[in-house]
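Asker: Everything below, folded, please.
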Amino acid sequence: MVKKVLVSSIVSLSLLAGALAVLAETTTTESNPAKTVNIACVQTAVGVRETAIQVAFSKFSTAISSALQTRASALSAAWTMTDKKQRNAAIKTAWANFKTAKKDTTKTFRTEQSVAWKQFAKNRKACKAEPTNESQGDDISL
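Answerer: The predicted structure is shown next:
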């Protein structure tokens, strides 16, 4: 019985604390009206960030697919060569070119992802919002 009352009290207090946190973010106090958070503004900022990351990933995916196709064609051509030295050189070149393309594509994606998060931070601040506790590290890591 005591456990039931204790659990009910903890759950009630947790819900009340959550409601107060939401209420605090959506209302102003007369002592500090500058702390008003424009929820719609933050929602837009999040949408802009997420769209930018999706576009960056789409470009990354397309570039990697192209690099894979190029590698496959180069390897196929290499295996038509009867001279072992030429074939091995062509295979080595195909893999080196793929490695370079992959490295460049990954670097571009990471840069675009970082730009999206930095712009989000600026947009969030313009909305007068505190940090959202979202972690860029939880985003796609390549």
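
Asker: what about A63, neighbour count?
Answerer: 17 (other Cβ atoms under 10 Å). Where you see a C-beta, it was placed from the backbone N, CA and C, and this is true even at glycine.

Asker: Now do the closest residue to it other than its chain neighbours against T44, distance only.
Answerer: Distance criterion Cβ to Cβ, 6 or more residues apart in numbering; nearest residue to A63, sequence neighbours excluded, is T105 at 4.3 Å. The gap separating T105 from T44 is 29 Å, by Cβ to Cβ, to the nearest Å.

Asker: on that earlier part again, show me what contacts the residue nearest to A63?
Answerer: 60, 63-64, 67 (Cβ atoms under 8 Å, 6 or more residues apart in numbering).

Asker: Let me know the closest of those residues to K125.
Answerer: Distances from K125 to the contacts of T105, taken as Cβ to Cβ, are shortest for F60 (27.9 Å).

Asker: where exactly do the helices run in the protein?
Answerer: 2-26, 39-78, 84-126 (DSSP state H).

Asker: Check which residues of the second one are buried.
Answerer: By neighbour count, with 16 or more other Cβ atoms under 10 Å as the criterion, the buried positions of helix 39-78 are 42, 45, 49, 52-53, 56-57, 60, 63-64, 67, 71, 74, 78.

Asker: Make a markdown table from the helices of the chain and add distance to T132 and mean pLDDT to it.
Answerer: Output for those, formatted as a markdown table (distance: least, Cβ to Cβ, whole Å; pLDDT from 0 to 100):
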| stretch | distance to T132 | mean pLDDT |
| --- | --- | --- |
| helix 2-26 | 11 | 40 |
| helix 39-78 | 7 | 96 |
| helix 84-126 | 7 | 96 |
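
Asker: could these go into a markdown table alongside distance to N133?
Answerer: Compiled in a markdown table, those are given as follows (distance: least, Cβ to Cβ, whole Å):
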| stretch | distance to N133 |
| --- | --- |
| helix 2-26 | 12 |
| helix 39-78 | 12 |
| helix 84-126 | 11 |
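
Asker: Could you report the distance from S65 to T80?
Answerer: Distance of S65 to T80, computed by Cβ to Cβ: 23 Å.
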